[in-house]
Structure formats: C-alpha cells, structure tokens
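> one predicted model, sequence on top.
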Number of protein chains: 2
Amino acid sequence: MTHKSNPSEIKTYLKTVSIFKGCSDAFLAKISANAQCQIHKKGKILFVHDDTIERFYIIKSGWVKLFRETLDGAQAVVDILDNHHVLGEIAIFENNIVPYSAEVVSNAEIISLPLADLKKEIKNDNQLALDMLKSMAYDRRRKDKEIEHRTIQNAPQRIGCFLLRLIDQNQKGPVTIHLPYDKTLVAARLGMQPETFSRALSKLRDETGIRINGATIEMESLDQIVRYSCAACSSNFPCQDLKTAS
Amino acid sequence: MTHKSNPSEIKTYLKTVSIFKGCSDAFLAKISANAQCQIHKKGKILFVHDDTIERFYIIKSGWVKLFRETLDGAQAVVDILDNHHVLGEIAIFENNIVPYSAEVVSNAEIISLPLADLKKEIKNDNQLALDMLKSMAYDRRRKDKEIEHRTIQNAPQRIGCFLLRLIDQNQKGPVTIHLPYDKTLVAARLGMQPETFSRALSKLRDETGIRINGATIEMESLDQIVRYSCAACSSNFPCQDLKTAS
DNA sequence: ACTACACCTTGACCAAAATCAATTATCACA
DNA sequence: TGTGATAATTGATTTTGGTCAAGGTGTAGT
C-alpha cells in the first residue's frame, strides 16, 4: 500500500531518528530521494527471519513487532518498536540477511530506505558510525535488562515494571497509563501467556491498589507500583537507563 | 596482583581481539604502552555496576562473569566471557559508568587499557568504530537469542543448547565436552537454580543417552542433543550465528 | 442492528521450576 | 593425609506459570 511521499518531508523526519542526527544534509537528501513511505495495516509482515532484504525500515507511526519462531509455531518476541525506531539495518553486517521477522501490529506509516546507501555511508561518515554504535550499545543494555528482569522478576512485577517504563517517571501524584497495544501482545512482549498476563495483572492490582479499566490503568501515585516491582530490580527508580540515546 | 608486562607482547595479543583487528600499528603501540596485564584470582571483583571506571579490560585467559544484583541479593548473570573478549568498554558512552559488575570466576590474566585512549580513537579511526559496531551488533543478536531461548526452551533443552555452543558443531561421530566452569555458574548463566540444573542435566541424559561424568560429557553423536534441544529453537543446526564476529 | 471474529477473562488442572533441607562428593590447602 | 569449605546431588514440598476449555466482551463490517 504505497503512499506518495515527499522527500524533503522524509528528510525532516529522518533528523529525529537517533542514528541520523549527526548526518550531513547531503546524505540525508540523497537517502530521502531513495525513500518510500508506506501505510501498512495491522498484520502486514515486513520480512521474515533469514530473508535477504534490500531496504531497511524506520517507523513513522504505529507499532512493529520483531520476533522469531520455531518450526512448530512457538514464537519469541524480540522487541516491539514505535516511531523513530529503525529495524532491519542490522542486515548490513550479515550479507543483507535479517535475523528476525517483523510484523506491523497496529496500522503504521513506515519509511523504507536502501541498505546499500547506509552501508556505504557508515564508511564515509564516522559520526554516523558512532551514532549507530551508541544506539546499538544502548540497545544491548536494554536486552541485558530484559534478561535480568526475566530472571529476577515474577509475572506481576514484570508487568509493573513494564508500565513504569511507558511513562515519565518523575511525575508526582495521580497517574493514568494506557497500554500501548493489545494485552495479548504485552503478554508476549513480557514472555508470558495471555492467561498468565490476565491473572498477573489482577494480582498486581490487588498488591498495589491500582485501578484497571480495560487498557487504562490509574493510580494515586507511581510509588504503589515502584515499591512492588522495583524491589526485584538491580536499578534504582527512576530507571537511569531510559535517559540515554533513543 | 600486578605482573610486569611487555608492551609489544600485549600489542600482539590485541590484534587477536575483534574490535582491534583493523587498528593502526601506531594506535596499538600507544595503547599497549598504557596497558597493564594483571593476574587475578577467582573471586576478584573488577568493578561493580554504576562504578565510574578509567580503564576497560580484555581477557587474556580465564573467565569473567558479568552480572547485576538487587539490594536483597538476587543476582542476574548478564554474560560470562573468556579470552579475546572485551568488557567495560561500553562505559565510554556513559560518562565512564559501567552498567554491570564483573567478577573473575577462574584464575585469569587480564589486560586493562585506558578508556580515554579508546574514546579518542573511535573518533579518529572509522575502521575501529565499524569493528566495534559490528561486534556490538553481533552481541545484541546473542542477547536476542538468549531471550528467545529463555522463552521457548525448558531447562534440559537450554542445557543441551549450551553444550552444543561450546564446541565445533560440524564434527561427526563421538564427542567429548567439558563444562568450562562450575555447574553452579552454568546454572546461573542459564537462568536457573543449581538444583534445577542438576535435575535437568539428568533429564537431558535420560532423554538423549549422553554420558555424564562430573564436568565431562560424552556422546556418540551430536545428533542426540540436536534432536532434543534444537526443536525448541528458531535456528537451524549448526547455529549460523556462531560464525560471525567474535 | 446483527453477526462474526478476535480479544480477554476465568476456572480447573497440570507441569516446571523454586525452595527448603539434608547428605554426599570434591578439592585446595595446611 | 586429613580437614574444612565449597560444590553437587537428592528428596519433599510449594510456588509459579502453562495448558485446556468455556464463556464473556467489544468491535469492525455488513
């Protein structure tokens, strides 16, 4: 579903993407000229793991799930990304082969750019390489965190932690949080079954006194969740690691 | 426990480390001149998460555990590294603050180098930045795999998968594998309790027919484990991801 | 407004892993 | 060669989360 898109508008958007923030206007103009911006519906598969791809993607709006699955259908969600995030760029190091599958999980606008342009430019533009390196380092750290949480936190604590990471952690007083996507998907993102998620969310409510109404969650103060979830985490609240890169 | 070390010997060793393989002789000579090579005993803590450090490390021999822990002592092992691996270098992006703790888990020879030298050089040497980027990308992929395995594989399968990743996966016929470190530590590395590890290893033996003798494991053929463990993995055997970078 | 479908919840039950406790094995070192 | 200390195993039990099945809820699309 292609959508005619304006290169200069795309160029403006690319400047908001962390890896491109230090790039020259000339490069951004060039890559934008080769860009496509498409509107995809929920369910669209952008690529499947071990595919060879020629273009990588940047999310302008909506959500994209990264995952892998076994022959008998078991699926592991690797990440779920929203706007300003890049996916598939990693293929430049793997002969254009992507290591995960990508599925649009809510209607989304997605820009695609040629891998070849990026591959060439990181050799010419050291700042781009450094910004990618920084972004990759940040991402690796997020994965470490994820592994830690899966090791130390139980299901209700993991949900609490997930909620806290959706919002500005410095706000005082009453807070309202909306789940960003389906509960089924949040469950998969947190490595648990939908039934477990449902029960664990009720447990979190009982333990902390938060109020749940569909995808909306309200509380008098973040402390209610912090006390319950952050006890099983090695970081202090507010989470320092949310501040860097993006 | 310092050990007088020869800069040119260190320089030679650094060339075997993936991120330095493309570096100029001049840079390697400079950083080697500022290097220290120390012998550490099991139990030595190199640094603790959220420490500010001035030097990063390269393992010449032995094993180092990276981990984080909560106030009440729960610990999550982030990684366990051996020779040719780098640790703490990530601090260059975080104001010299390390995001994990590092403990020597078997007597080890460890080279330390000034973070400042690395921080400066990645701005001058694009090849170094690219090699670090590639290494970081490879590492992120390993973390994705780890998350996948924790989601999809059960304890005995995870042990089988761990064993397969210790060795050359293309060998045919009988194979002998030695566990690289304590079973307690392997358990922690795989995110399970020592008791669970012990029982899961017995289960793996019963299911696959491998023979276990202390830290030594023998089998007629890798297939025995492959059939059991790799069914719960999204990759084909042999594991492609082991080939790239290092 | 109706229907089909996906999403979510709940209950009953089961399986996996954690925990607690008690031995037994192994190894570094005096 | 003993002797602590640490590592490893085993058993009993509990906890947690997964699985299976049924029913409820909400909503997009006719």
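Okay, I see it. All figures in this text were calculated on a predicted structure; none of them were measured in a lab. Residues are numbered from 1 along each chain as shown, chains lettered A, B, ... in the order given.
> on the three-state scheme, residue A:22 is what?
With DSSP: H, G, I helix; E, B strand; the rest coil as the basis, residue A:22 sits in coil.
> give the helix, strand or coil label for residue A:156.
Three-state call for residue A:156 (three-state DSSP): helix.
> from residue A:229, how far out is it?
According to CB to CB, to the nearest Å, residue A:156 and residue A:229 sit 8 Å apart. No exception for glycine: its C-beta is placed from N, CA and C like everyone else's.
> partners of residue A:103 in the sheet?
With DSSP bridges as the criterion, residue A:103 is bridged to residue A:45, residue A:65.
> also the one 5 residues further on?
Judged by DSSP bridges, the bridge partners of residue A:108 are residue A:40.
> that one: how many residues sit nearby?
22 (other CB atoms under 10 Å in any protein chain shown).
> likewise residue A:49?
Neighbour count of residue A:49, defined by other CB under 10 Å: 17.
> element containing residue A:224, please.
Secondary-structure assignment from DSSP states H and E places residue A:224 in helix A:223-229.
> what mean pLDDT does the lengthiest helix in chain A have?
Of all segments of type helix in chain A, defined using DSSP state H, the longest is helix A:126-152. Mean pLDDT, helix A:126-152: 97.
> equivalent analysis for stretch A:207-218, please.
For stretch A:207-218, mean pLDDT rounds to 96.
> for it, the distance to its chain's centre please.
The chain centroid and the centroid of stretch A:207-218 are separated by 23 Å under CA atoms, centre = their mean, to the nearest Å.
> run through who's touching that stretch.
Outside stretch A:207-218, the residues that touch it by CB atoms under 8 Å, 6 or more residues apart in numbering or on different chains are A:156, A:160, A:163, A:174-179, A:183, A:201-202, A:204-205, A:219-220, A:224-225, A:227-228.
> got a quick PyMOL command for the buried subset of the residues you listed?
To isolate the buried ones among those in PyMOL, judged by 16 or more other CB atoms under 10 Å in any protein chain shown, type:
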select buried, chain A and resi 156+160+163+175+177+179+201+204+205+219+224+225+228
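> strands - which of the contacts of stretch A:207-218 land there?
The strands, defined by DSSP state E, take in A:175-178, A:219 from these.
> pull the most distant pair out of those.
The most widely separated members of the ones in strands among the contacts of stretch A:207-218, counting by CB to CB, are A:178 and A:219 (13.1 Å).
> need the contact list for residue A:91.
A:52-53, A:56, A:97-99, A:115.
> ok, of these, which come out buried?
For the contacts of residue A:91, a burial check counting by 16+ other CB under 10 Å picks out A:53, A:56, A:98-99, A:115.
> measure how buried the closest residue to residue A:33 other than its chain neighbours is and give me the count.
What sits nearest to residue A:33 in space, not counting adjacent residues and going by CB to CB, 6 or more residues apart in numbering or on different chains, is residue A:7, at 5.2 Å. Using other CB under 10 Å, the number of residues around residue A:7 comes to 16.
> how close does residue A:7 get to residue A:30?
Using CB to CB, residue A:7 is found at 10 Å from residue A:30.
> for chain A, what spans make up the helices?
A:7-14, A:25-33, A:115-124, A:126-152, A:155-164, A:183-189, A:194-208, A:223-229.
> pull out the buried positions in the first one.
In terms of neighbour count (16+ other CB under 10 Å), helix A:7-14 has its buried residues at A:7, A:10-11, A:13-14.
> nearest the middle, which residue of chain A would you pick?
Residue closest to the average C-alpha location in chain A (CA atoms, centre = their mean): residue A:81, at 2.4 Å.
> if I pick the closest residue to it other than its chain neighbours, what's in contact with it?
Distance criterion CB to CB, 6+ apart; nearest residue to residue A:81, sequence neighbours excluded, is residue A:64 at 5.1 Å. Applying CB under 8 Å, 6+ apart to residue A:64 gives the contacts A:46, A:57, A:80-82, A:85, A:87, A:102-105, A:108, A:110.
> how about residue A:191?
Residue A:191 sits next to A:76-77, A:150, A:158, B:147, B:150-151 when contact means CB under 8 Å, 6+ apart.
> can you name the two of these that sit furthest apart?
Pairwise distances across these peak at 15.3 Å for A:76 and A:158 (criterion: CB to CB).
> okay, residue A:45 and residue A:67: tell me how far apart.
From residue A:45 across to residue A:67, the span is 10 Å (CB to CB).
> under the pLDDT cut-off, which ranges of chain A? List them.
Applying pLDDT under 70 to chain A flags residues A:1-4, A:243-246.
> DNA strand D contacts on that one?
Chain A has residues A:154-156, A:191-193, A:195-196, A:200, A:214 near DNA strand D, with proximity defined as CB under 7 Å from any atom of the strand.
> what are the buried residues along stretch A:12-24?
Buried-residue list, stretch A:12-24, by 16+ other CB under 10 Å: A:13-14, A:17-20, A:23.
> if we take the residues you listed, which one ends up nearest to chain B?
Nearest to chain B among those, counting by CB to the nearest CB, is residue A:19 at 10.6 Å.
> touching, that closest one and residue A:138? I think so.
No: taking contacts as CB atoms under 8 Å, residue A:19 lies outside contact range of residue A:138: 10.8 Å.
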